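Participant: Let me see the structure of the following:
(4 chains)
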2 protein chains.
Amino acid sequence: MASKILLIEDDKNLGDQIVTHLKRDGFEVTWVQDGLAALDTDPKQHDLVVLDLMLPGAHGLDILKIYRETAETPVLVLSARNETSTKVRALALGADDYVTKPFWPEELLARIQARLRRPLLHASDVIETGALRIDLSARVVENAGQRVDLTRIEFDLLAALGQRIGSAVTRQTLVDRVLDPDREGTGRTLDVHFSRVRKKLGSEGARIATVWGVGYRLLPS
Amino acid sequence: MASKILLIEDDKNLGDQIVTHLKRDGFEVTWVQDGLAALDTDPKQHDLVVLDLMLPGAHGLDILKIYRETAETPVLVLSARNETSTKVRALALGADDYVTKPFWPEELLARIQARLRRPLLHASDVIETGALRIDLSARVVENAGQRVDLTRIEFDLLAALGQRIGSAVTRQTLVDRVLDPDREGTGRTLDVHFSRVRKKLGSEGARIATVWGVGYRLLPS
DNA sequence: CTGAACCTTAAGTCTGCCTGAAGGTGAGAT
DNA sequence: ATCTCACCTTCAGGCAGACTTAAGGTTCAG
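Facilitator: Modelled structure (predicted):
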């Protein structure tokens, strides 16, 4: 399976050159040319990000920071700046490598491959709130340390609420996200599932609150 | 726990300086000053290796190659040579990073930390859980001390689950990782293999749980 | 070339999840 | 208070996904 690379680089010449090289080596490349577009792209959909620091729209380090809040995708920073302080900052923010321009494409390739060589450790992103523990990557829910068996939809619904603790999530959002995306928001299916989740969660189930006429939300502990 | 760094560097001044910096940052450092001594040191006993290329006794790249035959420890190469070809060779041989002299200690530190940030998938090559013992390097499985003969795919599937005990592993992941990487997740092939693994594992086979609509997981003992 | 071990596909069966219906409950409106 | 409508819960039917067996194809050693 070809690895998917997200390239964020505003320089047309350099970007073109990199894309060509990467494609020649069998990578699938998505090329984004400014900071705002980068923020609209999901790093999780890619295996590695090559990120230029000087960008129109948003600074590379800010993009890196935002990416790191949601994804563990390795980020290789590209920059003309050779100051140690910039390198240190980028690496401290979660960059996995830092390459100074100018560079030879071969080196970039070699470094990309070195990053991809190590199997991605899924950051087990875990939501802990009250007695609940929702491990999104393992798809495991614990209530006061006790494992709770949830079906696929039940888990996804709980996770959807858990990712926005305290805020209401509309029925339509939940239907779109967990059930068939092209389905009318009607029907009592959602209710049935939540009913079961509440029951399975015991006393913690009471924390799934109905927002009348809107949807549901998970009450903060 | 302090991370253990193995420093292989013959230059006394530079070595001293690096050791000082690393210790100040809480690392435990073993400093080895020539190639032969490096070959007598076990990289597996350390969390990361900082390896100079020009050494008396043995060339750094040879050391890297030998280390890579037995250990997965990250290796950060240090060198005065700035040629792309050397960098590419080092990275292709399994180095995880390449820093050109001269450098500021801060950069080295930041890069070391970037490497250590991503924990290795498995600290040891042996997974023990319940009555199961999965030796990843020997590719041997024992159930209550009894050897179990698994085929290549059967072993890889069990290992894939064993490396993330308790986590659901999606069908697609398993197909990508164990079967042909570019194949559709459809088909019953996985099921057939798991069916056989379960049977061969006897009562422990029950610990391979189906995650309906998602994949499989190895239940914690 | 032959046989054995292994992988894959196909087919039949089974299981457990999803969902719509229906009656009950309770919140909000008047 | 009472009405209304959204929501809760139970239940059973249907079906997608999973299990297992068998057979055909592939690979590899001898």
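Participant: Please parse chain A into its domains.
Facilitator: Split into domains by automatic domain parsing, chain A comes to A:4-116, A:126-218.
Participant: Save these as a markdown table, and put in distance to residue B:144 too.
Facilitator: Quick note: C-beta positions are derived from backbone N, CA and C, even for glycine. Below are the domains of chain A laid out as a markdown table (distance: least, Cβ to Cβ, whole Å):
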| stretch | distance to residue B:144 |
| --- | --- |
| domain A:4-116 | 36 |
| domain A:126-218 | 24 |
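Participant: and those, which is most packed in?
Facilitator: domain A:4-116 (a mean of 18; mean count of other Cβ atoms under 10 Å in any protein chain shown).
Participant: Between the two ends of it, what distance do you get?
Facilitator: 10 Å (Cα to Cα, to the nearest Å).
Participant: Around DNA strand D, which positions in chain A sit nearby?
Facilitator: Chain A comes close to DNA strand D at residues A:171, A:188, A:191-192, A:194-196, A:198-199, A:210, A:212-215, as judged by Cβ under 7 Å from any atom of the strand.
Participant: want to throw the domains of chain A into JSON lines with mean pLDDT?
Facilitator: Output for the domains of chain A, formatted as JSON lines (pLDDT from 0 to 100):
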{"stretch": "domain A:4-116", "mean pLDDT": "91"}
{"stretch": "domain A:126-218", "mean pLDDT": "91"}
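Participant: Would you mind telling me which of those is nearest residue B:155?
Facilitator: Set against residue B:155 and scored by Cβ to Cβ, those come closest in domain A:126-218, at 22.1 Å.
Participant: First-to-last residue distance for that closest one?
Facilitator: One end of domain A:126-218 to the other measures 15 Å (Cα to Cα).
Participant: ranges for the strands of chain A?
Facilitator: A:4-8, A:28-32, A:48-52, A:75-79, A:97-100, A:126-129, A:132-135, A:140-143, A:146-148, A:169-170, A:208-211, A:215-218 (DSSP state E).
Participant: Walk me through which strands the fourth one pairs with, and which way each runs.
Facilitator: Based on DSSP bridges, the pairing partners of strand A:75-79 within the sheet are strand A:48-52 (parallel), strand A:97-100 (parallel).
Participant: The ones you listed into a markdown table, with extra columns for distance to DNA strand C?
Facilitator: Shown next, in a markdown table, are the strands paired with strand A:75-79 (distance: least, Cβ to the nearest atom of the strand, whole Å):
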| stretch | distance to DNA strand C |
| --- | --- |
| strand A:48-52 | 27 |
| strand A:97-100 | 35 |
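Participant: As JSON lines, those with distance to residue B:41 would be great.
Facilitator: Shown next, in JSON lines, are those (distance: least, Cβ to Cβ, whole Å):
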{"stretch": "strand A:48-52", "distance to residue B:41": "32"}
{"stretch": "strand A:97-100", "distance to residue B:41": "26"}
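Participant: Run a quick check on residue A:89 versus residue A:61, I expect a contact.
Facilitator: Yes. Using Cβ atoms under 8 Å, residue A:89 is in contact with residue A:61, at 6.6 Å.
Participant: What is the most widely separated pair among the residues of chain A next to DNA strand D?
Facilitator: A:199 and A:213 (23.5 Å).
Participant: Next up, the contacts around residue A:98.
Facilitator: A:76, A:77, A:79, A:87, A:90, A:91, B:111 (Cβ atoms under 8 Å, 6 or more residues apart in numbering or on different chains).
Participant: how about the nearest residue to the last one, chain neighbours excluded?
Facilitator: Closest residue to residue B:111 apart from its sequence neighbours, by Cβ to Cβ, 6 or more residues apart in numbering or on different chains: residue B:97 at 5.4 Å.
Participant: residues in contact with the one you found?
Facilitator: Contacts of residue B:97 by Cβ under 8 Å, 6+ apart are A:97, A:114, B:74, B:76, B:77, B:111, B:114, B:115.
Participant: Close to DNA strand C: what parts of chain A are there?
Facilitator: Contact residues, chain A versus DNA strand C (Cβ under 7 Å from any atom of the strand): A:151, A:152, A:153, A:154, A:179, A:180, A:187, A:188, A:189, A:192, A:193, A:212.
Participant: Return only those of those residues found close to chain B.
Facilitator: A:151, A:152 (Cβ under 8 Å from any Cβ of the partner chain).
Participant: I figured residue A:51 was touching residue A:60, is that so?
Facilitator: Yes. Applying Cβ under 8 Å, one finds residue A:51 in contact with residue A:60, separated by 5.2 Å.
Participant: any common contacting residues for the two?
Facilitator: A:8, A:77.
Participant: For DNA strand D, see how far away residue A:39 is.
Facilitator: 33 Å (Cβ to the nearest atom of the strand, to the nearest Å).
Participant: tell me the helices in chain A, going along the chain?
Facilitator: A:12-24, A:35-39, A:60-70, A:84-92, A:105-117, A:152-162, A:171-178, A:189-201 (DSSP state H).
Participant: so which of the ones you listed gets nearest residue B:44?
Facilitator: helix A:105-117 (17.9 Å).
Participant: For the closest one, which helices and strands make contact with it?
Facilitator: helix A:12-24, strand A:48-52, strand A:75-79, strand A:97-100, helix B:84-92 (3 or more Cβ pairs under 8 Å, 6 or more residues apart in numbering or on different chains; DSSP states H and E).
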